[in-house]
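Student: Please find the sequence and the predicted model below.
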Amino acid sequence: MVRTMSFNLQLVLLQTGIVLLTLAVGGLVAVQLQQQQIRDGYRQQVLTVATSTATLPSVVDAYDDEDPTATLQPLAELIRQASDMTFVVLTDAEGIRLTHPDPSRIGQAASTDPSSTLAGEVFVGTETGTLGESLRAKVPVRDATGRVIGAASVGILEAELDAALREDVPVLVVWLGGAAAVGVVLSVLVARMVRRRTHGLEPREIEQLLQAREAILHGVREGVVAVDADRVVLANEQSVRLLGLDADPTGARAADALDPAVLTLLAADEHAVDALVLVGERLLLANRSDAVVGGRPVARVLSLRDRTEVSEALRELDGQRSLTATLRAQAHEFANSLHVVQGLIDLGRPEDARAFIDRVGGGGDLVPGDGLSRLGDSAVAALLLAKAATARERGSRVRLDPASRVDRGDDDVLTAVGNLVDNALDAGGSGTTVEVLVVVDGAGSVVRVDDDGPGVAAEDRDRVFEVGVTTKPGGATGRGIGLALVRRAAGRRGGSAVVGVSPAGGARVEVRMPPRGAEVRTGGADDRAGVPGATVTVP
């Protein structure tokens, strides 16, 4: 039955049971306290009446009369009626009654042992006498010299104490019943509030939704981050990977855990769709929206997709398309050249054929002589050779400055060379000449690329390092990324990347980086190494 009972009803019944049980226990405790309070009150009352009776001068003086009962019996009855006691009994020094509510018992010995009282002690407690079980007090009566001449016994039946308690119980029951009714009503209201907060879902449904949420959240390939006022409230594994975090940032301050570029996007008032965000050296596509519950925004949600690999593939595809078109055109040109050679041979003019071959096949070397031998790093040399071959197919030219020398390259140098050469070739178009200077030694790394293209306007020379900003002609995909990656790589090592004017008339981009292992001062907006202005060691 419990399985089929709704959670709302279970909650009402559970809370009602708790309220009733609490009130029942509280009621029993209250009854016991009230009973104890009544008994304590009557104990004090019988003791006071007994003490007052035993010390009353008219009572003490009556003990010297020839017939004490004649004086004491009316006085004892008057005191009993005035104090609302069950009995007021006076005895002599032998324990013989001088007064009693039942006159026939006067002159008889007391039904309870009076020895302790006649010995001078005061007694308060419950005893059973001729009138029944009663709460009584016994006080010795003393003459002017202090000698015990009798005892005053005052009591009230236990039945009357129980009757007094029964008079108070109905009032207590009314209060407890009212409290129970209020508790039940509040239990219903709490159950309704809980139902509203859980949108009417049963616990098993909430459990299923939570399991589905966890499966979806941690199973998707996109990163998901949710931030409330200033803290990260949700982050899946993909977001930790894409943002380059060391651990799950859930619960941490957003300003401490997230990249400044991500914080800027989250702080924006407008929603973002496929916005480019460069985090470290990873290019991400970000979508920002508000999570709204009950018409009230509760968090800002950011979904992230990795575009780094996609952008590289698109750039490569773009280059392959250009290379294919170039090769198609050169195929026709090569066929025409073969026809010329064949014609000269048929005419018996081999010397002219040889001269024609030398004329159309020469030129385009990357560097004269043994310039490449100064590049001690094979990866840098291979990259330059590949870029030179690609440029030649596009009708452009890449030259290596004779002053170049590379003791040992690294990934940051390769990133700078590859992106800067590609940018120069793309910006200048066909016929562009690009000159590259690469120096990597113990003093650090310098990569300088000059071209004879259109150059970069003065007002754009710093802006071109931002993600998505480019001065190159349209048509290719993934523009505005290369220079941002170059500056990010240089900034991470405490270096710099600047754009200027080339002696050839185009643009000059120069990147300088300290050697690895050197301590440098950092502090740019893109620096993730530590506090701005701190001294760090280049990794």
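Tutor: Done, it's in.

Student: mean confidence for stretch 56-75?
Tutor: Stretch 56-75 carries an average pLDDT of 86.

Student: Off-centre distance for it?
Tutor: 87 Å (Cα atoms, centre = their mean, to the nearest Å).

Student: buried set for that stretch?
Tutor: Across stretch 56-75, burial judged by 16 or more other Cβ atoms under 10 Å covers 59, 60, 62, 63, 68, 69, 71, 72, 73, 75. C-betas here are computed from N, CA, C, even on glycine.

Student: Please apply the same query to stretch 155-165.
Tutor: For stretch 155-165, by 16+ other Cβ under 10 Å, it's 155, 156, 157, 158, 160, 161, 164, 165.

Student: Switch those over to JSON lines, and while doing so, append secondary structure and distance to residue 32 to every line.
Tutor: As requested, those are exported to JSON lines (DSSP: H, G, I helix; E, B strand; the rest coil; distance: Cβ to Cβ, whole Å):
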{"residue": "155", "secondary structure": "strand", "distance to residue 32": "23"}
{"residue": "156", "secondary structure": "strand", "distance to residue 32": "20"}
{"residue": "157", "secondary structure": "strand", "distance to residue 32": "21"}
{"residue": "158", "secondary structure": "helix", "distance to residue 32": "16"}
{"residue": "160", "secondary structure": "helix", "distance to residue 32": "19"}
{"residue": "161", "secondary structure": "helix", "distance to residue 32": "14"}
{"residue": "164", "secondary structure": "helix", "distance to residue 32": "15"}
{"residue": "165", "secondary structure": "helix", "distance to residue 32": "10"}
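
Student: Pull the distance from the helix or strand containing residue 29 to the chain's centre.
Tutor: Assessed by DSSP states H and E, residue 29 sits inside helix 7-55. Taking Cα atoms, centre = their mean, one finds helix 7-55 lying 47 Å from the centre of the chain it belongs to.

Student: burial count for residue 412?
Tutor: 23 (other Cβ atoms under 10 Å).

Student: And residue 93, by the same measure?
Tutor: Using other Cβ under 10 Å, residue 93 has 15 other residues around it.

Student: Which phi and psi values does it adopt?
Tutor: phi -70, psi -10 (degrees, to the nearest 10).

Student: how near is it to residue 102?
Tutor: As judged by Cβ to Cβ, to the nearest Å, residue 93 and residue 102 stand 22 Å apart.

Student: returning to that earlier point: make a markdown table out of the buried residues of stretch 155-165 and add distance to residue 504 and pLDDT.
Tutor: Listed next are the buried residues of stretch 155-165 as a markdown table, based on distance: Cβ to Cβ, whole Å; pLDDT from 0 to 100:
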| residue | distance to residue 504 | pLDDT |
| --- | --- | --- |
| 155 | 126 | 88 |
| 156 | 123 | 87 |
| 157 | 125 | 86 |
| 158 | 120 | 82 |
| 160 | 121 | 80 |
| 161 | 117 | 79 |
| 164 | 115 | 75 |
| 165 | 112 | 76 |
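
Student: I'd like the residues you listed as a markdown table, with distance to residue 240 appended.
Tutor: Below are the buried residues of stretch 155-165 laid out as a markdown table (distance: Cβ to Cβ, whole Å):
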| residue | distance to residue 240 |
| --- | --- |
| 155 | 84 |
| 156 | 81 |
| 157 | 82 |
| 158 | 77 |
| 160 | 79 |
| 161 | 74 |
| 164 | 73 |
| 165 | 69 |
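
Student: quick check: domain ranges of the chain?
Tutor: 7-164, 204-306, 309-362, 366-537 (automatic domain parsing).

Student: Okay, helices next: where are they in this structure?
Tutor: Using DSSP state H, the helices of the chain run over 7-55, 57-62, 68-83, 115-118, 158-197, 203-219, 237-242, 254-257, 260-267, 308-346, 350-361, 378-393, 411-428, 482-492.

Student: tell me what the third one is packed against?
Tutor: With contacts defined as 3 or more Cβ pairs under 8 Å, 6 or more residues apart in numbering; DSSP states H and E, the packing partners of helix 68-83 are helix 7-55, helix 57-62, strand 87-92.

Student: Just name the most buried of these.
Tutor: Of the helices and strands packed on helix 68-83, the one with the most neighbours on average (mean count of other Cβ atoms under 10 Å) is strand 87-92, at a mean of 24.

Student: what mean pLDDT would you report for it?
Tutor: Averaging pLDDT along strand 87-92 gives 88.

Student: chain center to stretch 405-412: distance?
Tutor: Taking Cα atoms, centre = their mean, one finds the center of stretch 405-412 at 44 Å from the center of the full chain.

Student: err, stretch 286-297, not the other one
Tutor: Using Cα atoms, centre = their mean, the offset of stretch 286-297 from its chain centre is 18 Å.

Student: roughly how far apart are the residue nearest the centre of the chain and residue 236?
Tutor: In the chain, the C-alpha nearest the mean C-alpha coordinate belongs to residue 251, at 2.8 Å (Cα atoms, centre = their mean). Counting by Cβ to Cβ, the separation of residue 251 from residue 236 is 14 Å.

Student: ok, now residue 461?
Tutor: With the distance defined as Cβ to Cβ, residue 461 ends up 40 Å from residue 236.

Student: what about those two, which has more around it?
Tutor: residue 236 (22 against 17).

Student: How much space separates that one from residue 160?
Tutor: For residue 236, the distance to residue 160 - Cβ to Cβ - is 76 Å.

Student: same check, this time on residue 351
Tutor: From residue 351 across to residue 160, the span is 150 Å (Cβ to Cβ).

Student: can I assume residue 54 is in contact with residue 143?
Tutor: No: Residue 54 is beyond contact range of residue 143, at 11.3 Å (criterion: Cβ atoms under 8 Å).

Student: just so I know, which of the domains of the chain lies nearest residue 185?
Tutor: Among those, the nearest to residue 185 by Cβ to Cβ is domain 7-164 (10.0 Å).

Student: now the end-to-end length of that closest one.
Tutor: 46 Å (Cα to Cα, to the nearest Å).

Student: Could you give the separation of that domain from the chain centroid?
Tutor: The answer for domain 7-164 is 68 Å, by Cα atoms, centre = their mean.

Student: Could you report the distance from residue 432 to residue 23?
Tutor: 92 Å.

Student: cool, and residue 59?
Tutor: Taking Cβ to Cβ as the measure, residue 59 and residue 23 are separated by 50 Å.

Student: ok, now residue 61?
Tutor: To residue 23, residue 61 is 57 Å away according to Cβ to Cβ.

Student: How about residue 142?
Tutor: Computed as Cβ to Cβ, the residue 142 to residue 23 distance reads 52 Å.

Student: ditto for residue 296
Tutor: Relative to residue 23, and taking Cβ to Cβ, residue 296 is found at 38 Å.

Student: Over to residue 58?
Tutor: In terms of Cβ to Cβ, residue 58 sits 53 Å off from residue 23.

Student: do residue 82 as well
Tutor: Residue 82 is 40 Å from residue 23, by Cβ to Cβ.

Student: And residue 446, by the same measure?
Tutor: In terms of Cβ to Cβ, residue 446 sits 85 Å off from residue 23.

Student: Looking at the protein, name the residue that lies furthest from the middle.
Tutor: In the chain, residue 66 marks the outermost C-alpha relative to the chain mean, sitting 95.7 Å out by Cα atoms, centre = their mean.

Student: Quick check on that residue: phi, psi?
Tutor: Per degrees, to the nearest 10, the backbone of residue 66 is at phi -70, psi -30.

Student: Low-confidence ranges, the stretch 351-500 of the chain, go.
Tutor: Low-confidence segments of the stretch 351-500 of the chain (pLDDT under 70): 358-373, 468, 470-480.

Student: Show the contacting residues for the nearest residue to residue 433 once chain neighbours are set aside.
Tutor: Leaving aside its sequence neighbours, residue 433 sits nearest to residue 397 (Cβ to Cβ, 6 or more residues apart in numbering; 4.8 Å). Contact analysis of residue 397 by Cβ atoms under 8 Å, 6 or more residues apart in numbering lists 364, 388, 391, 432, 433, 434.

Student: who wins for neighbours among those?
Tutor: Tallying neighbours with other Cβ under 10 Å puts residue 434 at the head of the contacts of residue 397, with 28 neighbours.
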